[in-house]
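Peer 1: build me a structure from this.
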Amino acid sequence: MSIKMKVLIPMIVLTVVVAAAILVSNIFEFAGYVDAVTQERLDSASDVAMWEIENLKSSAHAESLYVAGDASIVAAIADGDRAALVARAKTLQDESGAEFCTVTDAKGNVLARSHEPDNFGDSIAAQANIASALSGKGLTAVEHGSAVRLSIRSGTPVYDGSGRIIGAASLGYRLDTEGFVDSLKTLLRCETTIFLEDERISTTVLQADGTRAIGTKATQEVSETVLAGNAYSGKAQVLGKDAFAKYVPINGPDGDALGMLFVGYYMSEKNDTIGSFVRIGLLITLVLLALSVIVILSVTKRITVPIRNMVRASRALAAGDTGVAVHVEGKDEIAVLARAFGEVVENTKGQIRVIEDISAGDLTVEIAPRGEKDAMNIALNGMVGNLNAMFGEIRASATQVSTGSKQIADGAQALAQGASEQSASVEKLSGSIAEIALKTRQNAETAEKASGLSATIEQNAQKGSRQMGEMIAAVGEINDASKNIGKIISTIDDIAFQTNILALNAAVEAARAGQHGKGFAVVAEEVRNLASKSAEAARNTGGMIQNSMEKAELGSRIAGETAASLTEIVSGINESGRLIADIAKSSQEQSAGVSRIDADIDQVAQVIHQNSAAAEESAAVSEEMNAQSDMLQRLISRFQLKEGRDADGTR
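Peer 2: Residues are numbered from 1 along each chain as shown. I've put the predicted structure just below:
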């Protein structure tokens, strides 16, 4: 729910509640006021109605005096002229406005009735006003009659010229007619009823069928109260309808209540009045509510529009747009909030500038926290410090790695070159050994042939002398070859020693390389082991060749002695055969040793080839490592570190 609705709904609800409370309280207050006014109106209406009755009494009294003093009336009574009396009475009744006029004789017998000309001769001496008039006293009162059930009557004695009472004149107004109660209703604007005792004899109250409620009776409670001479005022049931009513007694000549006067208003009238008031109040309330809503909308607009602007700006800021701005005039809380939001935007811009500098590689930026709770700037400051320390250490490590990789590359290149030279030397040695092996096999074959031909030496002495010369030459060559083999063995021993030195250097460099040099260290160790084996084989071969050289020298000496003592060949043929057999045996052993040397040399050559390949691969890896180290240094050089660090990353 928006702030506008959060403000608008409670304000409208509050306004409605207040308006409803005011309206309800006013309704109750107005209802009480209506009750009070109704009661006052009833009291006034009752007083006016009773005043009207009293006024009619006064009018009846004055008019009866006028009729009783009329000469025509006196003459007609004295003459007994009823027709003249009726005519004059009718004329005087019409002139006075009375509703009836009755003239009697001195005994109370009716001489004329203006309202009933043909009804005469009966006695009305029992009527209080007639009886009082015939006694010489005038009387005006409300009386009950047979034809006129309830009326105001005024009786006055009629005197003749001698002052004798010759009759009575009675004029009055009827209270039992519709005209009387209708005139009161018109005058008082309320329902009116004349009761004879507790019976309605004239009323404006209508029944359900629309007829007047003549003949109906009042409630027992009201009748008992009013006929006892007391007024009744308050709520009452009038033919089943709720009404505000006032009942007052209508007293007769003796002062006792003959009937009742009712004035009243139905509750529906009150409800209609209150309904009209409620409708008017609701209309006024709705108008006020509409005005209140307009005012509230205006106020909430002044509140919500800046807040909406700040919401849009906040969303734009959350989306990364720092070009937002909120301008709110005033000194209220919203204006203060807008200015605080502007400060947030400016601070965010400053932090973004710092981050842009960091992303551009400038780690020399300084961030000053605005307080102990400025977590963002504190974190940025810590990040810059950590990046400075980290890149400084990386730069130093990169420099060390670059230096080490160069040293490893140089060592690997030297090792590869030495391995290549060793491979070439071993190939030459292998060729020499092969040649020695061939000659040794030939020497063995020759010795075997010499042993086979020892039996025929004697017959071929001359031929043996020539062959002995050849043998001396061959033994000299063997001696020379043995010397050459000794030199080759010495070279192999030197190669093994150099290989061992190179393997030790490679192991040292591998240890410096750490984790990346473990594989190279294993290869160096294997090369060193093979170099040791090559040196041992070379020593063994050297011993064999030394033995062979000694034997070659012995053969040469024997051949010399043989040449010098060829004449003694026959006598020493057996010894010569034995020596030749020994030579053959030694030649066979020499041939086997040379074969073994040849196999060892082949193995050494294979190992040296492997070492050469490994050295070349190590050199290539070292070159790649050196290139990567240079690239790492170039990447790190993009970052500008704070003062206190050298170009190589050291402090």
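
Peer 1: how near is A503 to F497?
Peer 2: 11 Å (C-beta to C-beta, to the nearest Å). Glycine gets a C-beta too; all of them are placed from N, C-alpha and C.

Peer 1: who's more crowded, the two?
Peer 2: A503 (23 against 15; other C-beta atoms under 10 Å).

Peer 1: how about the more buried one, nearest residue that isn't a chain neighbour?
Peer 2: R528 (3.4 Å; C-beta to C-beta, 6 or more residues apart in numbering).

Peer 1: mind listing what that neighbour touches?
Peer 2: 499-500, 503-504, 507 (C-beta atoms under 8 Å, 6 or more residues apart in numbering).

Peer 1: that one sits in which helix or strand?
Peer 2: helix 518-564 (DSSP states H and E).

Peer 1: out of the contacts of R528, which end up buried?
Peer 2: 499-500, 503, 507 (16 or more other C-beta atoms under 10 Å).

Peer 1: quick one: mark the members of the residues you listed that sit in helices.
Peer 2: Members of those lying in helices (criterion: DSSP state H): 499-500, 503, 507.

Peer 1: from those, pick the one nearest N109.
Peer 2: Among those, A507 lies closest to N109 (C-beta to C-beta), at 174.7 Å.

Peer 1: distance of the residue nearest to the closest one when sequence neighbours are not counted from Q400?
Peer 2: Closest residue to A507 apart from its sequence neighbours, by C-beta to C-beta, 6+ apart: A524 at 4.5 Å. Look at A524 and Q400: by C-beta to C-beta, they are 22 Å apart.

Peer 1: again with L317
Peer 2: 46 Å.

Peer 1: more neighbours, these two?
Peer 2: Between L317 and Q400, L317 has the larger neighbour count (other C-beta under 10 Å), namely 18 against 14.

Peer 1: just the buried positions in stretch 554-563, please.
Peer 2: Result for stretch 554-563 [16+ other C-beta under 10 Å]: buried residues 555-556, 558-559, 562.

Peer 1: one more: stretch 261-275?
Peer 2: Buried-residue list, stretch 261-275, by 16+ other C-beta under 10 Å: 261-267, 269-270, 273-274.

Peer 1: can you count the residues close to V148?
Peer 2: What V148 shows, counting by other C-beta under 10 Å, is a neighbour count of 19.

Peer 1: tell me which element it is part of?
Peer 2: Applying DSSP H and E, one finds V148 in no helix or strand.

Peer 1: look up the closest residue to it, ignoring the ones flanking it.
Peer 2: Closest to V148 by C-beta to C-beta, 6+ apart is R174, at 5.4 Å.

Peer 1: quick check, pLDDT for the residue nearest to A503.
Peer 2: Model confidence at R528, given as pLDDT, is 75.

Peer 1: again with the one 4 residues further on
Peer 2: In the prediction, the pLDDT value recorded for S532 is 79.

Peer 1: contacts only, for the nearest residue to V205 once chain neighbours are set aside.
Peer 2: Closest residue to V205 apart from its sequence neighbours, by C-beta to C-beta, 6+ apart: A213 at 4.6 Å. By C-beta under 8 Å, 6+ apart, A213 lies in contact with 193, 200, 203, 205-207, 239.

Peer 1: now with 6 Å?
Peer 2: 200, 203, 205, 207, 239 (C-beta atoms under 6 Å, 6 or more residues apart in numbering).

Peer 1: ok, the third one to Y266 distance?
Peer 2: By that I understand V205. Taking C-beta to C-beta, one finds V205 at 9 Å from Y266.

Peer 1: got it, and the last one?
Peer 2: As for L239, its distance to Y266 is 10 Å (criterion: C-beta to C-beta).

Peer 1: all strands of the stretch 51-200 of the chain, in order?
Peer 2: 100-105, 110-113, 139-144, 150-159, 165-174, 191-196, 199-203 (DSSP state E, counting those that start in this stretch).

Peer 1: can I get the last one as CSV, trimmed to CA atoms?
Peer 2: In CSV, the C-alpha atoms belonging to strand 199-203 read as follows (Å, rounded to 0.1, in the frame of the first residue of the first chain):
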residue,chain,number,x,y,z
GLU,A,199,-65.3,8.6,24.2
ARG,A,200,-64.2,10.5,21.1
ILE,A,201,-67.2,12.6,19.9
SER,A,202,-65.2,14.8,17.4
THR,A,203,-61.7,14.2,16.2
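
Peer 1: which strands or helices does that strand pack on?
Peer 2: Judged by 3 or more C-beta pairs under 6 Å, 6 or more residues apart in numbering; DSSP states H and E, the packing partners of strand 199-203 are strand 191-196.

Peer 1: just checking: what are the partner strands of the strand it packs on?
Peer 2: strand 199-203 (antiparallel), strand 257-266 (antiparallel) (DSSP bridges).

Peer 1: and for the longest one, what's in contact with it?
Peer 2: This means strand 257-266. 38, 42, 45-46, 49, 144, 150, 190-193, 195-197, 226-227, 229, 241, 243-252.

Peer 1: what of the shortest one?
Peer 2: The contact list for strand 199-203, computed with C-beta under 6 Å, 6+ apart, reads 149, 176-177, 181, 193-194, 212-214, 216-217.

Peer 1: among these, which ones are buried?
Peer 2: Buried among the contacts of strand 199-203 (16+ other C-beta under 10 Å): 149, 176-177, 181, 193-194, 212-213, 216.

Peer 1: show me which pair in these is furthest apart.
Peer 2: T177 and T216 (17.1 Å).
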